[in-house]
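Asks: any chance you can model this:
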Amino acid sequence: MERPSLEINLPNTPEEGKLYVVDSLNNLNKLTVCAEDSQHVPDEEDEHTGGTAAYTTWSNIRNQCLFVVTLILTLIVSLALVSFVIFLIIQTRNKMDQLSSRLISERKNIEELKKMNDVILKHLNQSGFKE
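Replies: Numbers count the residues shown, from 1 in each chain. Predicted structure coming up:
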């Protein structure tokens, strides 16, 4: 396949315009060559950047891995905190049950003491002991 010649006469174009046109033609030529080639050949920009595309790809992968690790750690910490809260709730319930049972037993003791006090007062009233 023949390639068209890229030589163009630009007699009245200022110097900056010539450079712009030549640069544009070079870019167009690179696009044409890359489209025709069956394999990707790294162009001059990859050589000048020192593999920036590869660095960006690895950086993205590293960032994604850090995100996943951070997410997993956050989930583990959250699970630990929730487990601790559940443990505290259960412990509090047990303590409240113990306190409630103690209060019930104390109430029974107080009622027994009241009954004993009533019996003593009746006995004293019957025996005729008055103050």
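
Asks: mind naming the longest helix for the protein?
Replies: Selection of the longest helix in the chain by residue count, based on DSSP state H, yields helix 52-127.

Asks: same question for that helix, mean pLDDT?
Replies: For helix 52-127, the mean pLDDT works out to 92.

Asks: again, but for stretch 31-42
Replies: 55.

Asks: and Asn26, how close does it get to Leu81?
Replies: For Asn26, the distance to Leu81 under the criterion CB to CB, to the nearest Å works out to 61 Å. Placement of C-beta: from N, CA and C, glycine included.

Asks: then Arg62?
Replies: Separation of Arg62 from Leu81 (CB to CB) stands at 28 Å.

Asks: go on, Asn60?
Replies: In this view, Asn60 and Leu81 are 31 Å apart by CB to CB.

Asks: and Ile104, by the same measure?
Replies: Counting by CB to CB, the separation of Ile104 from Leu81 is 35 Å.

Asks: kindly report the same for Gln126.
Replies: Using CB to CB, which is the criterion applied here, Gln126 is 67 Å from Leu81.

Asks: next: Asn109.
Replies: 42 Å.

Asks: next one: Asn125
Replies: Shown here: Asn125 relative to Leu81, a distance of 65 Å by CB to CB.

Asks: kindly report the same for Leu71.
Replies: Going from Leu71 to Leu81 by CB to CB gives 16 Å.

Asks: ditto for Val21
Replies: 66 Å.

Asks: what's the answer for Phe67, then?
Replies: As for Phe67, its distance to Leu81 is 21 Å (criterion: CB to CB).

Asks: same thing with Arg102?
Replies: Applying CB to CB, the value for Arg102 to Leu81 is 31 Å.

Asks: ok, Ile72 next?
Replies: With the distance defined as CB to CB, Ile72 ends up 15 Å from Leu81.

Asks: with Leu113 instead?
Replies: Distance from Leu113 to Leu81, counting by CB to CB: 47 Å.

Asks: next up, the contacts around Gln126.
Replies: By CB atoms under 8 Å, 6 or more residues apart in numbering, the contact list for Gln126 is empty.

Asks: count of neighbours near Val22?
Replies: Residue neighbour count, defined by other CB atoms under 10 Å, stands at 13 for Val22.

Asks: thanks a lot, see you next time.
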